[in-house]
Each structure stands twice: as structure tokens, then as C-alpha cells.
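A.B. asks: Next comes the sequence, and after it the predicted model I'd like to discuss.
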Amino acid sequence: NAGVTQTPKFRILKIGQSMTLQCAQDMNHNYMYWYRQDPGMGLKLIYYSVGAGITDKGEVPNGYNVSRSTTEDFPLRLELAAPSQTSVYFCASSSGTPSYEQYFGPGTRLTVT
Amino acid sequence: EDKVVQSPLSLVVHEGDTVTLNCSYEVTNFRSLLWYKQEKKAPTFLFMLTSSGIEKKSGRLSSILDKKELFSILNITATQTGDSAIYLCAVGGWAGGTSYGKLTFGQGTILTVHP
């Protein structure tokens, strides 16, 4: 099993550009999550999904969008990138029932200049 | 709003020392408290504590949960340079609807172990 995979590993965007961060898991987990981690900080939840077709906002959703058309994939879309979105982005998944343990992808380091 | 606070924010010790990391929390309908270790990459799971399991131990690491006082501690004995990392505490609750499974993370404790 590959676990949780993310692409790309690194990306530099100009202000106003858009991009999609890809996330996939092969553990048949229903629950998937997107976090951002700023330097010296913990993880902030952006969006999450409890199954295909069901998504909900987390703590910091502004400037982002998600979709969940399959159990395996959970892409994160950045529209009109801003310097405040410079961060490391982690995708995670969990079986959700009953364990809260989340498995993390390797992360994407995004810089917006 | 769920809240997790970790202390200290950073800690510098020498190999062989024992360290105690703290995590206090406020959460709706507590379900689990988790500890993760992060070494310049993705967080990796250490322990999960629940109402039915308030103490866990693995090698030199151990953790306890005090549900009455709403805190947890992570102890590392005989520290090694390989223990240098960010230690993250996260709490899961349930506020109804689709919120099951969500974690709220603390800001982390940066542990540096010198030889």
C-alpha cells in the first residue's frame, strides 16, 4: 500500500494564479482531510470529507475549494493565490469508525510570490 | 470552539535527560487525544488515548490522560538525538453531524536533544 500520496512536493505560484493540490489514498478510508501548517505552528484544518460527494469546511476554508468524486481522491483547489497561502499543505485520511487516528501524506510546500 | 494548548513551545535538553510535554484541551464531547511526532516531514502517529485507555507506553515514551482535569502529558525518558522533533497533540470530539473524526491540533512543542 502506498498510503496517502500528494503531488506536487513543491510549487511556486505567482499572486493570482490558481492550482490544484492532488491527494490520493489506497486504504479505502472514508474520511479525508486537508491541513495547512505555517512555520512554528500546528495544523489548521481547511476542508474535510466523510465520503464521496460529502465535504465540509474546517477552520480556515477561505480561498480554497475541494471536491470528492471518489473514495480515493480528494483534490484541493487554490483560486487566486495570495501570499497568505504560502504554507505546507498536508492531506490525511482515516477510517473514522471508531478510531480518530489519521494517516498523513508527505506534504506539499507552496510558496506564493 | 475546540481548543488545544501545548507547553512548553520549545525545549532544549541533553541526551539522557527526561522530558515532559504538556497538552491541555477543551473539546465538545471528547472522544480521543492523540500524540504525533513530526520530523521535517509528515506527522507520524505515537499514541491514542481514550476514555477506555488513559495510559499508554511504548519503549521510552509514555503518555497519560486526565479526563477530569482535561490534560495529557507525554514523557520521554533517556532522550536521544533522534527524539528531536515537533511533538503535536490533537484532540477529537463530536459536535454532531459530520464532525466525527475531526482533530483539533495544538501548536506543537519543538524538542531539541543535544549530544
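C.D. replies: Okay, I see it.
A.B. asks: how close does the nearest residue to residue A:16 once chain neighbours are set aside get to chain B?
C.D. replies: Once flanking residues are discounted, residue A:16 sits nearest to residue A:80: 5.5 Å by CB to CB, 6 or more residues apart in numbering or on different chains. For every residue, glycine as well, the C-beta is placed using N, CA and C. To chain B, residue A:80 is 27 Å away according to CB to the nearest CB, to the nearest Å.
A.B. asks: burial count for residue A:80?
C.D. replies: Residue A:80: 10 surrounding residues under other CB atoms under 10 Å in any protein chain shown.
A.B. asks: give me the element it is part of.
C.D. replies: Using DSSP states H and E, residue A:80 sits within no helix or strand.
A.B. asks: residue contacts, it?
C.D. replies: Applying CB atoms under 8 Å, 6 or more residues apart in numbering or on different chains to residue A:80 gives the contacts A:16, A:17, A:18, A:63.
A.B. asks: Can you tell me how far it is from residue A:65?
C.D. replies: Distance, residue A:80 to residue A:65, using CB to CB, to the nearest Å: 11 Å.
A.B. asks: do residue B:17 as well
C.D. replies: Distance from residue B:17 to residue A:65, by CB to CB: 46 Å.
A.B. asks: neighbours of residue B:59, just the number please.
C.D. replies: If we define neighbours as other CB under 10 Å, then residue B:59 has 8 of them.
A.B. asks: Please report phi then psi for the residue nearest to residue A:16.
C.D. replies: With angles defined as degrees, to the nearest 10, residue A:80 sits at phi 50, psi 70.
A.B. asks: Repeat that for the one 10 residues further on.
C.D. replies: For residue A:90, the backbone dihedrals are phi -120, psi 140 (criterion: degrees, to the nearest 10).
A.B. asks: Touching, it and residue A:104? I think so.
C.D. replies: Yes - between residue A:90 and residue A:104 there is a contact under CB atoms under 8 Å: 5.3 Å.
A.B. asks: Compare those two (neighbour count), which wins?
C.D. replies: residue A:90 (26 against 22).
A.B. asks: Tell me the bridge partners for that one.
C.D. replies: residue A:35 (DSSP bridges).
A.B. asks: swap in the one 4 residues further on?
C.D. replies: When assigned by DSSP bridges, residue A:94 has beta-bridge partners residue A:31.
A.B. asks: ditto for residue A:44
C.D. replies: Residue A:44 has these beta-bridge partners by DSSP bridges: residue A:36.
A.B. asks: How about residue A:110, nearest residue that isn't a chain neighbour?
C.D. replies: Using CB to CB, 6+ apart and skipping residues adjacent in sequence, the residue nearest residue A:110 is residue A:11, 5.2 Å away.
A.B. asks: Give me the number of neighbouring residues for residue 10.
C.D. replies: This is for chain A. Neighbours of residue A:10 under the rule other CB under 10 Å: 10.
A.B. asks: Hmm, no, I was thinking of chain B.
C.D. replies: 11.
A.B. asks: List the contacts of it.
C.D. replies: Going by CB under 8 Å, 6+ apart, residue B:10 touches B:109, B:110, B:111, B:112.
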